[in-house]
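[1] dropping a prediction and its sequence here:
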Amino acid sequence: STRKESSAASDVYKRQEPVRVVEIRPDSDGDGTRGTVVLERTVESHALGEFTMLWRQGAGRARLLERLEATDRTVTRRYGDVLGADFAGVRSVRLASAPQLGIEDLGLPWSEVAIPGEGGELPGWFIPAAGESSDWCIHIHGRGATLTEPLRTVPLVAERGWHSLVMRYRNDPGAPAGHHGKTGLGLTEWRDVDAALEWAKSRGARRVVLVGWSMGGAIAVQAALRSVHADLVVGLMLESPALDWNETLIWQAGQLNVPPSIAKLGIRLLGSPLARSVLGAEEPLDLAELDVVARAAELRWPTLVLASTGDTVVPVSGSQRLAKARPDLVAYEEFTRARHTRLWNTDPERWEAAVGKWFDRLSEPDKS
């Protein structure tokens with residue numbers, strides 16, 4: 001079943017599921033697939049909106065619904081649509097931003113695909129728009145996120161005539177492993193998007209929007225700048241994007257009370273020859289290459305950036321600075337209360353209006 005995540009190597013499923021379950025109260029008149037759950041109060045468990053709960057390395061999942069009550073220590077919410085591994089007795093869960101449990105939830109036709117990549121086949125989902133079209137979107141999730149993360153965009157683009165390819169990349173479950181299974185922060189993963197562009201082109205794609213979430217935003221920009229198929233790219237949509245890794249890594253270290261001097265030393269190691277031998281990176285990481293704001297003059301595509309001042313993972317300042325540097329290209333939508341990649345969850349009407357309006361501007365009168 002595509003609703004079950006593969007057990008292939010991926011750091012996201014090797015780490016401990018971070019939100020403690022205090023109590024599970026199934027509905028007495030139900031079949032165990034819905035009820036009320038009391039969770040440890042965290043930034044994620046308390047956030048507004050609907051999400052997905054995952055447990056036992058993704059073998060079980062359910063919708064996390066409305067918030068009923070909150071104390072200083074706990075949050076009580078409704079849950080529903082339990083799938084896979086039994087929820088009874090689960091002691092911790094991971095929360096994913098996508099409200100969809102799987103591709104089936106979109107109610108659109110779809111198929112599983114395999115994209116030939118340099119390390120092997122990259123699995124993905126293809127969701128065709130109705131009718132003939134040469135317009136495609138390639139959707140790129142963030143580091144450690146589920147493949148469902150980008151699905152919030154798919155119905156909006158499908159109704160506007162854009163086919164969608166939702167892809168995995170190296171080190172994802174079911175995808176080829178990179179060197180030691182370590183991230184390249186976009187500097188290696190873009191090659192998999194390059195392969196996806198070639199695959200889409202062979203199937204009739206003539207105009208492509210790269211849609212990147214979180215680290216997927218960094219991957220999308222690198223692919224647009226580096227790919228031999230960049231002539232296909234007509235736009236970038238970046239949701240909660242990581243646009244300046246120097247700033248982001250230092251900021252994240254600060255969240256963990258790591259002194260800036262130590263964080264900066266780690267960043268220097270990432271860019272040194274020691275990155276491969278000591279850190280296990282696929283190759284030394286030149287973070288200057290990943291500074292999209294510093295490279296703003298190189299951008300040549302209409303770009304939609306959606307970010308939030310409430311983001312606790314990626315600082316919003318990178319998105320703000322890019323919008324200021326390239327007002328000719330960048331349409332910028334700033335949210336306030338939303339957490340990382342939770343913008344849709346907090347205000348779906350505003351999010352969908354902004355995305356739909358931007359894609360409408362990309363439409364051409366003549367699609368021949």
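    Done, it's in. Numbering: from 1, shown residues only.

[2] CA only for contacts and neighbour counts going forward, please
    Fine.

[3] remind me which residues of the stretch 251-368 of the chain are low pLDDT?
    When residues are selected by pLDDT under 70, those of the stretch 251-368 of the chain lie in 251-287, 364-368.

[4] let's see it at 50
    For the stretch 251-368 of the chain, the stretches flagged by pLDDT under 50 are 272, 274-280, 366-368.

[5] kindly report the same for the stretch 1-150 of the chain.
    Under the criterion pLDDT under 50, the flagged ranges of the stretch 1-150 of the chain are 1-16.

[6] one more time with 80, if that's ok
    1-17, 30 (pLDDT under 80).

[7] what about the strands in the stretch 201-350 of the chain?
    With DSSP state E, counting those that start in this stretch as the criterion, the stretch 201-350 of the chain has strands at 207-213, 233-239, 303-308, 330-335.

[8] can you put these in a markdown table and add mean neighbour count and distance to Val154?
    Output for the strands of the stretch 201-350 of the chain, formatted as a markdown table (neighbours: other CA atoms under 10 Å; distance: least, CA to CA, whole Å):
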| stretch | mean neighbour count | distance to Val154 |
| --- | --- | --- |
| strand 207-213 | 25 | 10 |
| strand 233-239 | 24 | 12 |
| strand 303-308 | 25 | 15 |
| strand 330-335 | 19 | 19 |
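
[9] contacts only, for Ala353.
    Residues counted as contacts of Ala353 (CA atoms under 8 Å, 6 or more residues apart in numbering): none.

[10] checking it next. Helix, strand or coil?
    Under the three-state scheme (DSSP: H, G, I helix; E, B strand; the rest coil), the conformation of Ala353 reads as helix.

[11] look up how far Val157 lies from it.
    12 Å (CA to CA, to the nearest Å).

[12] Glu104 belongs to a strand?
    No. Following the definition three-state DSSP, Glu104 is helix and is not counted among the residues of a strand.

[13] let's have the strands of the stretch 201-350 of the chain in a markdown table, adding distance to Asp72.
    Supplementary listing: those in a markdown table, determined by distance: least, CA to CA, whole Å:
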| stretch | distance to Asp72 |
| --- | --- |
| strand 207-213 | 31 |
| strand 233-239 | 30 |
| strand 303-308 | 24 |
| strand 330-335 | 25 |
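
[14] what's the closest of the ones you listed to Glu149?
    Among these, strand 207-213 comes nearest to Glu149, with 7.9 Å by CA to CA.

[15] direction included, what does that closest one pair against?
    Here the strand partners of strand 207-213, with direction, are listed using DSSP bridges: strand 135-140 (parallel), strand 233-239 (parallel).

[16] between strand 303-308 and that strand, find me the angle.
    Strand 207-213 and strand 303-308 meet at an angle of 20 degrees, taking axes from the mean of the first three to the mean of the last three CA atoms, to 10 degrees as the criterion.

[17] average pLDDT for strand 207-213?
    Across strand 207-213, pLDDT averages out at 98.

[18] now that strand, how far from the centre of its chain.
    Using CA atoms, centre = their mean, to the nearest Å, the mean C-alpha position of strand 207-213 is found 12 Å from that of the whole chain.

[19] show me the helices in the stretch 251-368 of the chain, by range?
    The residue ranges that make up the helices of the stretch 251-368 of the chain, judged by DSSP state H, counting those that start in this stretch, are 260-270, 274-277, 317-325, 343-346, 348-362.

[20] so who does Asp135 touch?
    Shown here is Asp135, whose contacts under the criterion CA under 8 Å, 6+ apart are 161-163, 205-208.

[21] between these, which sits nearest Gly184?
    Proximity to Gly184 was ranked across these by CA to CA; first place goes to Val208, at 23.6 Å.

[22] the closest one pairs with what?
    As for beta bridges, Val208 partners with Trp136, Val233 under DSSP bridges.

[23] how about the secondary structure of Ser164?
    For Ser164, the reduced secondary structure class is strand; criterion used: three-state DSSP.

[24] touching, it and Arg152? I think so.
    No. Using CA atoms under 8 Å as the test, Ser164 is too far from Arg152 to be in contact (11.7 Å).

[25] so for these two, which residue has more residues nearby?
    Ser164 (27 against 19; other CA atoms under 10 Å).

[26] quick revisit: and of the strands of the stretch 201-350 of the chain, who's closest to Ala130?
    strand 207-213 (16.5 Å).

[27] could you dump that closest one to CSV, C-alpha only?
    Provided in CSV are the C-alpha atoms of strand 207-213 (Å, rounded to 0.1, in the frame of the first residue of the first chain):
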residue,chain,number,x,y,z
ARG,A,207,6.8,24.4,-19.1
VAL,A,208,7.6,23.4,-15.5
VAL,A,209,7.2,25.0,-12.1
LEU,A,210,9.4,23.7,-9.4
VAL,A,211,7.5,23.6,-6.1
GLY,A,212,9.8,23.3,-3.1
TRP,A,213,8.9,23.0,0.6
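
[28] out of the strands of the stretch 201-350 of the chain, which gets nearest to Pro123?
    Proximity to Pro123 (CA to CA) singles out strand 207-213 among the strands of the stretch 201-350 of the chain, at 17.1 Å.

[29] between the closest one and helix 348-362, how many degrees?
    Taking the same axes, to 10 degrees, one finds that strand 207-213 is oriented at 150 degrees with respect to helix 348-362.
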